[in-house]
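Peer 1: okay, structure incoming, though there's no sequence with it:
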């Protein structure tokens, strides 16, 4: 998959540092600023300028992305400003469903039937948002000829889980599932995907179509809309993309990523924009963005929301809260760390054909390797304190009701080379520090591992991310203490993603790799409930390393069938010790710099959605 993916597959460079998929979300307090002026009266109007990270220009506007275009840049900070999802996720600093900003009321259940009732929203052309608009999205996903969509970008909804869908009225529809499911899971990981499509989009080059009622019509409609979405020079002038139900309309767009939004005067939502314009401005590098923050070019735009490169970040005070920061080097700005709702890890290939597959499949080896990765040292060193350990398959920052009490206690595999050595020795390996550790007792080393096998691995890691590079150097040094040789190789994100972002056997790719670190892990969204079915079940396309455990699958299935939190806790406690991936620190997603005279930007959402309709200037 490509850079900037959101949700189920790895995400990439985003923000001031490469997207280390972190569990996160900013909570109140702990802000450090260079100056703290008293807020004056609210100003109506003004243009707020938001700095895009390098290489993050949106290149797809249609909110029905195939995996090739499924990215945070295309959806969360671009399309969603104009086209609202049926259910909005991100409530303050928590990754929860936000009923106030959703187009529909929370679903109500009777047995296996969910009733969805739309609120009174309208499109900018005056037509109401109806259940027909919802059905266009659903029918397009159901259409088997819309091939690129269900190849990993979506999770099988609705075909795999829904028996029938009944449109009751223009404002009400009912879905009956094939069996009982967790109501949370159905909302957070299935209904969360839907973005209604207006009748103005139900057409082809030949004229109006009937995708809302006829699945077979959706093939041509999708082809028509997809083709128009691949023409970015027409985005601002297109009558198709000009029909919006969100708070913003696109007034201008350049293929370099420069976008100008103006308020949608017919927006039906609860918060109308105060700004007269919202602009997204691209930069070629972090250094160029930081230079513009420090010294705005004469006659140029002043950045109102930008980011501080991690290399220039002040060290966070020891013992301070997650959202605290050191002294801000920029006057006139407030510094707020942003963490996202996710986990960070690098992958180990259980299906490797290099000869190391049998080694990776040994639990004791994975646990030994975990004891050699010093998460705390990475956080306190190259991350300057801006990070938290990844403790298992469920995000731990922000702390949510999804996280088990056990994992709230922290990392289950702290840095301990002595423990790593004892694990290897107890399982038939002759440990030679700074040399080559070799299997001398194959019966104890494990199935498929022959006498004389050496623990030597190649590990490509993403280039251009200084803290990941330092983390990998630390891991190599720690591993060498017990005779494990790790050959590091910096590569581009694209190279590593092409190699290891998908399950090699499922995707029918070569399995000739052992370890790979694309510098990021997983953003829970639009699958916001961290139930694990797309990441860790046997045969899942996003199960990059091919980990497979019937016990794990059974535990995951319980989380999908019931809202009882005990099942979520049982599953994650089990999988945290199984190490299906190598958990690594959740680095800060972005050190956000916010102009002191711009309000409403915080709290920043851990889902990465933005709401500039909340922003306003003060005198």
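Peer 2: That came through, no problem. As the structure is a computational prediction, the values presented were derived from the model and not from experiment.
Peer 1: can you pull the poorly scored residue ranges out of the chain?
Peer 2: For the chain, the stretches with pLDDT under 70 are 1-39, 147-154.
Peer 1: next, the spatially most central residue of it: phi, psi?
Peer 2: For the chain, residue 523 is the residue whose C-alpha lies nearest the centre (C-alpha atoms, centre = their mean; 2.3 Å). Main-chain dihedrals, residue 523, degrees, to the nearest 10: phi -100, psi 120.
Peer 1: check the gap between it and residue 589 for me.
Peer 2: 9 Å (C-beta to C-beta, to the nearest Å). Glycine gets a C-beta too; all of them are placed from N, C-alpha and C.
Peer 1: just residue 94 next, same as before
Peer 2: 16 Å.
Peer 1: isn't the residue nearest to the centre of the chain up against residue 72?
Peer 2: Yes: counting by C-beta atoms under 8 Å, residue 523 touches residue 72, with 7.3 Å between them.
Peer 1: where do the contact lists of residue 523 and residue 589 overlap?
Peer 2: 340, 608 (C-beta atoms under 8 Å, 6 or more residues apart in numbering).
Peer 1: if we can go back for a sec, between residue 94 and residue 589, point out the one with more neighbours.
Peer 2: residue 589 (33 against 20; other C-beta atoms under 10 Å).
Peer 1: tell me if I'm right that the more buried one and residue 344 touch.
Peer 2: No: using C-beta under 8 Å, residue 589 is not in contact with residue 344, being 10.2 Å away.
Peer 1: rewinding a little: now the residue nearest to the centre of the chain: closest residue in space that isn't a chain neighbour?
Peer 2: Excluding its sequence neighbours, the residue lying closest to residue 523 (C-beta to C-beta, 6 or more residues apart in numbering) is residue 342, at 4.3 Å.
Peer 1: and the one you found, backbone torsions?
Peer 2: The phi/psi pair for residue 342 (degrees, to the nearest 10) is phi -180, psi -170.
Peer 1: and what of residue 430?
Peer 2: Dihedral angles for residue 430 - degrees, to the nearest 10 - are phi -90, psi 110.
Peer 1: for residue 434, same thing?
Peer 2: phi 70, psi 10.
Peer 1: same deal with residue 281?
Peer 2: phi -120, psi 130.
Peer 1: kindly report the same for the one 10 residues further on.
Peer 2: Dihedral angles of residue 291 (phi, psi; degrees, to the nearest 10) stand at phi -60, psi -40.
Peer 1: how about residue 565?
Peer 2: Main-chain dihedrals, residue 565, degrees, to the nearest 10: phi -60, psi -20.
Peer 1: helix, strand, or coil at the residue nearest to it when sequence neighbours are not counted?
Peer 2: Closest residue to residue 565 apart from its sequence neighbours, by C-beta to C-beta, 6+ apart: residue 401 at 6.6 Å. Secondary structure, DSSP: H, G, I helix; E, B strand; the rest coil: residue 401 is coil.
Peer 1: give me the contacts around stretch 609-619.
Peer 2: With C-beta under 8 Å, 6+ apart as the test, stretch 609-619 has contacts from 39-46, 48, 50, 76-77, 80-81, 88-90, 101, 247-248, 261, 263, 267, 269, 271-275, 278, 597-601, 605.
Peer 1: so which of these are in strands?
Peer 2: Among the contacts of stretch 609-619, the members found in strands (DSSP state E) are 42-43, 48, 50, 88-90, 248, 261, 263, 278, 598-599.
Peer 1: which PyMOL command selects the buried ones in those?
Peer 2: Provided next is the PyMOL selection string for whichever of those are buried by 16 or more other C-beta atoms under 10 Å:
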select buried, resi 48+50+88+89+90+248+261+263+278+598+599
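Peer 1: quick check, nearest of the ones in strands among the contacts of stretch 609-619 to residue 325?
Peer 2: For the ones in strands among the contacts of stretch 609-619, the residue nearest residue 325 by C-beta to C-beta is residue 598; the value is 17.5 Å.
Peer 1: OK, contacts around the closest one?
Peer 2: Here residue 598 is in contact with 48, 304, 305, 615, 616, 617, 618 (C-beta under 8 Å, 6+ apart).
Peer 1: give me that answer again for 10 Å
Peer 2: 43, 46, 48-49, 275, 304-305, 333-334, 612, 615-618 (C-beta atoms under 10 Å, 6 or more residues apart in numbering).
Peer 1: of these, grab the buried ones for PyMOL.
Peer 2: Per 16+ other C-beta under 10 Å, the buried members of these correspond to this PyMOL selection:
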select buried, resi 46+48+49+275+304+305+333+334+612+615+616+617+618
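Peer 1: could you single out the nearest of the contacts of residue 598 to residue 123?
Peer 2: Among the contacts of residue 598, and counting by C-beta to C-beta, the member closest to residue 123 is residue 612, at 20.2 Å.
Peer 1: ok, now how distant is the closest one from residue 274?
Peer 2: Relative to residue 274, residue 612 is positioned 9 Å away (C-beta to C-beta).
Peer 1: just residue 119 next, same as before
Peer 2: In terms of C-beta to C-beta, residue 119 sits 22 Å off from residue 274.
Peer 1: who has more neighbours, the two?
Peer 2: The neighbour count for residue 119 versus residue 274, taken as other C-beta under 10 Å, is higher for residue 274 (20 against 14).
Peer 1: for the closest residue to the more buried one other than its chain neighbours, give the beta-bridge partners.
Peer 2: The shortest distance from residue 274 to any non-neighbouring residue, by C-beta to C-beta, 6+ apart, is to residue 616 (4.1 Å). Residue 616 forms beta bridges with residue 599, as assigned by DSSP bridges.
Peer 1: show me where the stretch 451-600 of the chain has strands.
Peer 2: Applying DSSP state E, counting those that start in this stretch to the stretch 451-600 of the chain gives strands spanning 456-462, 485-491, 515-516, 522-523, 582-583, 586-587, 590-595, 598-599.
Peer 1: out of these, which is closest to residue 366?
Peer 2: Proximity to residue 366 (C-beta to C-beta) singles out strand 582-583 among those, at 7.3 Å.
Peer 1: any buried residues in stretch 301-315, and which?
Peer 2: Within stretch 301-315, the residues that qualify as buried by neighbour count (16+ other C-beta under 10 Å) are 303, 304, 305, 306, 307, 308, 309, 310, 313, 314.
Peer 1: quick one, helices of the stretch 1-150 of the chain?
Peer 2: Under the criterion DSSP state H, counting those that start in this stretch, helices of the stretch 1-150 of the chain are mapped to 80-82, 131-142.
Peer 1: and the ones you listed as a markdown table, adding distance to residue 469 and mean neighbour count?
Peer 2: Output for those, formatted as a markdown table (distance: least, C-beta to C-beta, whole Å; neighbours: other C-beta atoms under 10 Å):
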| stretch | distance to residue 469 | mean neighbour count |
| --- | --- | --- |
| helix 80-82 | 33 | 22 |
| helix 131-142 | 40 | 23 |
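Peer 1: next, format these as CSV and append distance to residue 376.
Peer 2: Shown next, in CSV, are those (distance: least, C-beta to C-beta, whole Å):
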stretch, distance to residue 376
helix 80-82, 36
helix 131-142, 43
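Peer 1: of all these, which one is nearest residue 528?
Peer 2: helix 80-82 (14.1 Å).
Peer 1: what's the distance between residue 302 and residue 596?
Peer 2: 12 Å.
Peer 1: give me the common contacts of the two.
Peer 2: residue 332.
Peer 1: verify the contact between residue 384 and residue 320 for me.
Peer 2: No: applying C-beta atoms under 10 Å, one finds residue 384 not in contact with residue 320, separated by 11.9 Å.
Peer 1: more neighbours: which of these two?
Peer 2: Between residue 384 and residue 320, residue 384 has the larger neighbour count (other C-beta under 10 Å), namely 21 against 14.
Peer 1: now do the shared contacts for residue 612 and residue 274.
Peer 2: Contacts common to residue 612 and residue 274, judged by C-beta under 10 Å, 6+ apart, are 48, 263, 600.
Peer 1: ok, now which ones touch residue 512?
Peer 2: Taking C-beta under 10 Å, 6+ apart as the test, what residue 512 contacts is 349, 352, 353, 354, 458, 499, 504.
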